[in-house]
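Peer 1: Got a sequence here, can you build the structure:
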Amino acid sequence: MSQAEAGVLSPPPARGRRTTFRATLFRNELLTTFRRWRTLALLAVLAAVPILVGIAVKIETGDGSSTGGGGGGPAFISQITNNGLFLVFTALAATLPFFLPMSIGVIAGDAIAGEANAGTLRYLLVAPAGRTRLLLTKYTTVMTFCLVATLVVALSALAVGAVLFPLGDLTTISGTRITFAEGLGRALLIALVVAASLTGIAALGLFISTLTNSGIAAMATTVGLLITVQILDQIPQLHALQPYFFSHYWLSFADLMREPVYWDDLVKNLGLQALYAAVFGSAAWARFMAKDITA
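Peer 2: Model (predicted):
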């Protein structure tokens, strides 16, 4: 085989090295993030929420009474005693307004600022990493944590629901019956939608992380903005602005338990998250590219 033929058949060495480096950088970021005690503690708290909810419902209904509530959102709790799979939906509805986004805010807020505070950011930017590649790797790592955190809640709730309550065919919000297998499929889809709903707060937290060299300040600011937006979203006089808050359509995942599925608010939620990710992701890139790295 001639050298020319060998060059055609084999990938360019430089491109192969870049691909390998990107994979190695992402793997190292994942390992660094998920090995931290803070991350493990956050996941443990998230896993404990379904356990506490399941035990509370079991104790409350131990005398044969039923929990109150209607058909959607957090009111899934009224169906847990009939089918443990509803604990998955209830746990996600209970953690989504605060616990899940707070965890994401902590991880995203510390992504850049924490490295700067520890004095390791400058070493991460040595060639061939580059600022854009590092920022994309950080955001991908945060989004991976979003998915893992959501699945931790869902799997913990599924395990607790199976232990404490019966499982089987379930009734949707619309009153129709679906099989347990279809219910599991919808639970997985709901978990994916919930993870996607955290895209906006992840981008916002990453942007804030580029504004300071203090990880604690970035985390506190992100969580503070989360709480502020949640409060503003409950004030009736701000109804004209509320559809633009990143948290406004979070609980629209309940529409996946309708028959047929009601897609309007789900599409609005995903579109809004994409908008926040684009705006604050671009702002984070612009700020990070101009940031004076001294640590």
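Peer 1: what about the stretch 1-150 of the chain, any weak spots by pLDDT?
Peer 2: The stretch 1-150 of the chain contains residues with pLDDT under 70 at 1-21, 62-75, 125-129.
Peer 1: can you give me the helices in it?
Peer 2: For the stretch 1-150 of the chain, the helices defined by DSSP state H, counting those that start in this stretch occupy 3-9, 13-35, 37-60, 86-95, 99-118, 121-124, 131-164.
Peer 1: how about those, which one is nearest residue 258?
Peer 2: helix 86-95 (12.3 Å; CB to CB). For the C-beta atoms, the positions are set from N, CA and C on the backbone; glycine is no exception.
Peer 1: what's that closest one packed up against?
Peer 2: For helix 86-95, the packing partners by 3 or more CB pairs under 8 Å, 6 or more residues apart in numbering; DSSP states H and E come out as helix 37-60, helix 131-164, helix 180-197.
Peer 1: quick one: contacts for residue 196?
Peer 2: 270, 273 (CB atoms under 8 Å, 6 or more residues apart in numbering).
Peer 1: And it, how close does it get to residue 143?
Peer 2: As judged by CB to CB, to the nearest Å, residue 196 and residue 143 stand 9 Å apart.
Peer 1: rewinding a little: just say which of the helices and strands packed on helix 86-95 is most tucked in.
Peer 2: The highest average neighbour count among these, using mean count of other CB atoms under 10 Å, belongs to helix 131-164 at a mean of 20.
Peer 1: quick check, distance from it to the centre of its chain.
Peer 2: Centroid separation between helix 131-164 and its chain, computed with CA atoms, centre = their mean, to the nearest Å, is 6 Å.
Peer 1: same deal with stretch 90-106?
Peer 2: 8 Å.
Peer 1: Of all the helices of the stretch 1-150 of the chain, which one is nearest residue 182?
Peer 2: Nearest of the helices of the stretch 1-150 of the chain (CB to CB): helix 86-95, 13.7 Å.
Peer 1: re the thing from before, take the helices of the stretch 1-150 of the chain and write them to a markdown table, including distance to residue 263.
Peer 2: A markdown table is the format used below for the helices of the stretch 1-150 of the chain (distance: least, CB to CB, whole Å):
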| stretch | distance to residue 263 |
| --- | --- |
| helix 3-9 | 47 |
| helix 13-35 | 33 |
| helix 37-60 | 27 |
| helix 86-95 | 18 |
| helix 99-118 | 22 |
| helix 121-124 | 41 |
| helix 131-164 | 20 |
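Peer 1: Can you give me the distance of the closest residue to residue 249 other than its chain neighbours to residue 96?
Peer 2: Counting by CB to CB, 6 or more residues apart in numbering, residue 269 is the residue found nearest to residue 249 once chain neighbours are left out, at 3.4 Å. In this view, residue 269 and residue 96 are 11 Å apart by CB to CB.
Peer 1: Overlap of the contact sets of those two?
Peer 2: Listed as contacting both residue 269 and residue 96 by CB under 8 Å, 6+ apart are 197, 250.
Peer 1: In contact with residue 33, which residues?
Peer 2: 39, 107, 141, 145.
Peer 1: cool, and residue 269?
Peer 2: Residues in contact with residue 269 (CB under 8 Å, 6+ apart) are 193, 197, 248, 249, 250, 252.
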